[in-house]
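Trainee: below are the sequence and a predicted model; questions follow.
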Amino acid sequence: MHAHKPCVYQLDQNYPRPPHGRTLFSFVFFSRPRCMGKTTLCSMLQELFAHGTQNFAGTAVFEHWPETKTYPVVRLSFLDIACPDATTFEAELCQELVAAYELAGFSSASDYEDIVSFSDLKRELDYLARGQQLVFLIDDCDYPLSAHLDDPQLFAALQSVMSEFYQWLNQQTYARFILVTGIMRYSEASMFWDSNLEDLSMNPMYADLLGYTKEEIEPWALS
């Protein structure tokens, strides 16, 4: 991460600092077109939250990362979830979530591999992770919807399942940090009703968080 770029997790010095050293935003949404670095951002944050800065020597984040603890990281990409119909989509979502919890260190999540109802699975996952602060990184959150704009009936069915998922995510008030990325503005996706989510997509502070700036490209182009 370049020194002048603010981390989506890191406070800028001009922003008011919340009490107890907590971050300004705990539930963040960030929208950009595809292939703009959202998945790379998720990978970086996964490594930082799960293992700390040990693999970031020589980068700006090595000096400025504020966490001294590590956390279980639940990472999910909706690009990996098949969605030919709502029933298949919900079952696949459950399987991907179980796998994500296993990778986060909850080995007994494998006991829930046969659950195909998200309403049933979310209760089990909440009980499994009780008392622990988790980090959630949700990538391409709106892919099932943007991929089916031409099928209003399927769009609505998928939206119903996804709304339940994001309502559950919104209830993870004990989570350390939640990042959701997508290509649509969250208000357009209509999945985050009654959410305390903070949309940073048009926040000037984070305009150059992803991609490359002119100043970064010019030295290489002219060399």
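Mentor: Everything's here; your move.
Trainee: need the contact list for Phe118.
Mentor: By Cβ atoms under 8 Å, 6 or more residues apart in numbering, Phe118 lies in contact with 90, 93-94, 97, 161, 164-165, 168. C-beta: built from backbone N, CA, C; applies to glycine.
Trainee: for it, report the pLDDT, please.
Mentor: For Phe118, the model assigns a pLDDT of 96.
Trainee: so how far is Cys141 from it?
Mentor: According to Cβ to Cβ, to the nearest Å, Phe118 and Cys141 sit 15 Å apart.
Trainee: what about the strands in this protein?
Mentor: For the chain, applying DSSP state E gives strands covering 27-31, 73-77, 135-139, 177-182, 198-199.
Trainee: what's the last one packed up against?
Mentor: Contact partners of strand 198-199 among helices and strands, from 3 or more Cβ pairs under 8 Å, 6 or more residues apart in numbering; DSSP states H and E: strand 27-31.
Trainee: just to revisit the earlier point, Ile217: which of the strands of the chain is closest?
Mentor: strand 27-31 (21.9 Å; Cβ to Cβ).
Trainee: between that closest one and strand 135-139, how many degrees?
Mentor: Interaxial angle of strand 27-31 relative to strand 135-139 (axes from the mean of the first three to the mean of the last three Cα atoms, to 10 degrees): 20 degrees.
Trainee: paired strands for strand 27-31, with orientation please.
Mentor: Using DSSP bridges, strand 27-31 pairs in its sheet with strand 177-182 (parallel), strand 198-199 (parallel).
Trainee: in CSV: those strands, plus mean pLDDT and mean neighbour count.
Mentor: Listed next are the strands paired with strand 27-31 as CSV, based on pLDDT from 0 to 100; neighbours: other Cβ atoms under 10 Å:
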stretch, mean pLDDT, mean neighbour count
strand 177-182, 87, 25
strand 198-199, 77, 16
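Trainee: let me have those strands in a markdown table, adding distance to Glu63 as columns.
Mentor: Listed next are the strands paired with strand 27-31 as a markdown table, based on distance: least, Cβ to Cβ, whole Å:
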| stretch | distance to Glu63 |
| --- | --- |
| strand 177-182 | 20 |
| strand 198-199 | 25 |
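Trainee: just to revisit the earlier point, between the contacts of Phe118, which is closest to Leu76?
Mentor: Leu97 (6.5 Å).
Trainee: quick check: which ranges of the protein have low pLDDT?
Mentor: Applying pLDDT under 70 to the chain flags the ranges 1-25, 33, 36-37, 184-196, 202, 211-213, 222-223.
Trainee: quick one, helices of it?
Mentor: With helices called from DSSP state H, the chain shows them at 38-51, 60-64, 86-103, 118-128, 143-146, 152-170, 186-189, 214-222.
Trainee: and the first one, what other elements does it pack with?
Mentor: Using 3+ Cβ pairs under 8 Å, 6+ apart as the contact criterion, the secondary-structure elements in contact with helix 38-51 are strand 73-77, strand 135-139, strand 177-182.
Trainee: the first one pairs with which strands, and in what direction?
Mentor: Using DSSP bridges, the neighbouring strands of strand 73-77 in the sheet come out as strand 135-139 (parallel).
Trainee: still on that earlier bit, so for Gln54, which of the strands paired with strand 27-31 sits nearest?
Mentor: Comparing the strands paired with strand 27-31 by Cβ to Cβ, strand 177-182 comes nearest, at 19.0 Å.
Trainee: residues touching that closest one, excluding its own?
Mentor: 8-9, 23, 26-32, 38-39, 41-42, 45, 49, 71, 135-143, 166, 169, 172, 186, 189, 197.
Trainee: alright, calling it a day.
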